[in-house]
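*Asks:* Requesting a structural model of the entry that follows:
(chains A and B)
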Number of protein chains: 2
Amino acid sequence: MDAIKAVIDRRTGSVDRLSVLAATDMAGVDALIADRMHSPVSVIPALADHLIHAGGKRLRPLITVVAARLAGARGDAHLKLAAAVEFIHTATLLHDDVVDTSNLRRGKTAAHLIWGAPSSVLVGDFLFARAFELMVETGSMRAMEILSRASRVIAEGEVLQLTRAHDLNLSQKTYLEIISAKTAELFAAAAEAGAVSAGASAPHCAALRAYGQNLGLAFQLADDALDYGGVTETLGKNAGDDFREGKATLPLLLAMARSGPREVDFWERAIGRKEQTETDFRRARELIVGAGALDATLDLAADYAENAKAALSVFPKNDWREGLETLADFAVSRRA
Amino acid sequence: MDAIKAVIDRRTGSVDRLSVLAATDMAGVDALIADRMHSPVSVIPALADHLIHAGGKRLRPLITVVAARLAGARGDAHLKLAAAVEFIHTATLLHDDVVDTSNLRRGKTAAHLIWGAPSSVLVGDFLFARAFELMVETGSMRAMEILSRASRVIAEGEVLQLTRAHDLNLSQKTYLEIISAKTAELFAAAAEAGAVSAGASAPHCAALRAYGQNLGLAFQLADDALDYGGVTETLGKNAGDDFREGKATLPLLLAMARSGPREVDFWERAIGRKEQTETDFRRARELIVGAGALDATLDLAADYAENAKAALSVFPKNDWREGLETLADFAVSRRA
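*Replies:* Just a heads-up that it's a prediction; the model follows:
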């Protein structure tokens, strides 16, 4: 519930209500997560716990829960889907860390540095399979379809990012395709699965899917901006990680497009050839801010957040809808 | 169909019949595999194809197909499950190669050495997700349950192997637990899923599961023996890989248990501390053969193959049953 707490600091009224409303469901999700990460092979719960209890925001399962409730869920079938969504997310993080060789994740040493990359890969596989076992328990073939498709699209997005991430000629269109697949797809699936578990109508399922998709884009764009605007302590990852890994995210792509010849040389050395000196990150940040690229990225994020909220117009105004609207605001106003 | 061809060389009559009987189904499985490994992200089909068309035996999907037919399948729902089984198997191979850092797989350079470990991890994830998408298409929640459970058990087995594989004090019991999970579980699930897709009775599903479980154990034990008894050209992997990686497989564990003090020093140096010289593999092979450990491993494999065949006694004698019996013989008599 850290996501909610973080918002409470700034926007008390509405989020207080969401926090109280979702608390029982999220406690149920946490209990399921703790129960289903268990394995007689002790490395598995140890490694999974390291990541799952490392202060993750539980944003995706929260979306499933609130979407289900907004769509009229009465039982608790959505809790298992929410736990499955968090397991899929954690599995992708574990595999992502091996791919990126990141040193920090959620403010803690990345799991692969403690247990080794092989364990991270295999525990990711374990959590992925567990997610499908949880879905089987709900008996919802439609939820299974949504989340198996999302898992496949995420993998495609990750591979696309891997092969194109250091490409200085990456277009904004391709960049948005990458983050649609690797990030927004799971937000979309999380919201849609919640709706499906509540037996919602097709238009309501589509509306919540659109909400999740737009929220995910807003969230990732804000994340990319934070990598140049945030500080390590509140980020839970190293500020400048994207830059040091030579990742062509939108702030950098926009700054490059607005660069003169001297700056182009800088980008080609620091990102294209990945020859970086200690002061390069500071210079990159100055160029990005100076070119208005950070603002432009955050503006685009705000547009997607507005789209997310607009998608909810098919629902009556109530606390659950307000909660999802608040999450959209949070996605672009957060500092970490 | 290489598995079948290999057997044809030695046992013409019965396997000829299985080959002809299963040919149409296996062509359908191959077509599904080719179709569903497609992705707009071109690295994915390229990498998947490298492994899937590298002369793999298609043993697991063949088991699904023949089990389904033996259990009375009339339609073609089992073809999608067979393709899903092959995708899960290929995904575990891709992740396994990263874990083991093997150089050869199915006689070709391991994918991670060509495309890098990150691509192997992510394409494995893609294939795993695709497997679940295929299962969704069959609409069988029971098949989904069997194969999601199997995927989880395989991951547990792989982690257990990772943490215990170099342990010279590994008991035969723990060793059998590891191979039950990492290998036999998918054989069991492949056979059971085939039975389920045919709408078989509970005793028939259980019989085919028991067949697959015992066949998988026989297959893995023969594989472990081949690593000390085979030659690289026919194995499709380097003979001695297990030894060089310091893996405590049954031939080695049995030889160790029968060793005098001087041999114990050898094993502790070569496996325990992994300090190996060029002639060590030859010495290990001599010690293992001399101690009767290779024969004992193959005897145990033969016992499991007999158990596999015995599990089929609930079915009438027909070509499909005979085909599965032949596969059990093949598992322990193969040279590669």
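
*Asks:* Residue numbers of the stretch 51-200 of chain A in contact with chain B?
*Replies:* Within the stretch 51-200 of chain A, the residues that sit near chain B (C-beta under 8 Å from any C-beta of the partner chain) are A:91-92, A:95, A:98-99, A:117-119, A:121-123, A:125-126, A:128-130, A:132-133, A:135-136, A:139, A:141, A:144-145, A:148-149, A:151-152, A:154-156, A:158-160, A:162-163. Bear in mind the C-beta positions are built from the backbone N, C-alpha and C, glycine included.

*Asks:* of those residues, buried ones?
*Replies:* When these are checked for burial by 16 or more other C-beta atoms under 10 Å in any protein chain shown, the buried set is A:91-92, A:95, A:98-99, A:117-119, A:121-123, A:125-126, A:128-130, A:132-133, A:135-136, A:141, A:144-145, A:148-149, A:151-152, A:154-156, A:158-160, A:162-163.

*Asks:* Just these: which are in strands?
*Replies:* Within these, no residue falls in strands by DSSP state E.

*Asks:* what does the average pLDDT come to for stretch A:278-285?
*Replies:* Mean pLDDT, stretch A:278-285: 91.

*Asks:* how far out from the middle of the chain is it?
*Replies:* The chain centroid and the centroid of stretch A:278-285 are separated by 26 Å, computed with C-alpha atoms, centre = their mean, to the nearest Å.

*Asks:* Repeat that for stretch A:134-148.
*Replies:* 21 Å.

*Asks:* List the residues that contact A:Ala308.
*Replies:* A:Ala210, A:Tyr211, A:Gly212, A:Asn214, A:Leu215, A:Ala218, A:Leu324, A:Ala328, A:Ala331 (C-beta atoms under 8 Å, 6 or more residues apart in numbering or on different chains).

*Asks:* residues in contact with stretch A:288-299?
*Replies:* In contact with stretch A:288-299 (C-beta under 8 Å, 6+ apart) are residues A:221-222, A:224-225, A:228-229, A:250-252, A:254-255, A:258-259, A:332.

*Asks:* can you give me the end-to-end distance of that stretch?
*Replies:* Terminal residues of stretch A:288-299 lie 14 Å apart, using C-alpha to C-alpha, to the nearest Å.

*Asks:* likewise stretch A:177-196?
*Replies:* End to end - C-alpha to C-alpha - stretch A:177-196 spans 25 Å.

*Asks:* One more: stretch A:240-256?
*Replies:* 17 Å.

*Asks:* Give me the buried positions along it.
*Replies:* Under 16+ other C-beta under 10 Å, the buried positions of stretch A:240-256 are A:240-244, A:246-256.

*Asks:* Can you name the next helix or strand after the lowest-mean-pLDDT helix or strand in chain A?
*Replies:* One helix or strand of chain A scores below all others by mean pLDDT, DSSP states H and E: helix A:2-8, with a mean of 44. For helix A:2-8, the following helix or strand on the C-terminal side (DSSP states H and E) is helix A:12-36.

*Asks:* hang on, the earlier thing: adding pLDDT and distance to chain B, write the contacts of A:Ala308 out as TSV.
*Replies:* Listed next are the contacts of A:Ala308 as TSV, based on pLDDT from 0 to 100; distance: C-beta to the nearest C-beta, whole Å:
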residue	pLDDT	distance to chain B
A:Ala210	98	22
A:Tyr211	98	23
A:Gly212	98	18
A:Asn214	98	22
A:Leu215	98	22
A:Ala218	97	24
A:Leu324	95	27
A:Ala328	94	28
A:Ala331	87	25
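
*Asks:* Which one of those is nearest to A:Ala189?
*Replies:* Of all the contacts of A:Ala308, A:Gly212 has the smallest distance to A:Ala189: 7.1 Å, by C-beta to C-beta.
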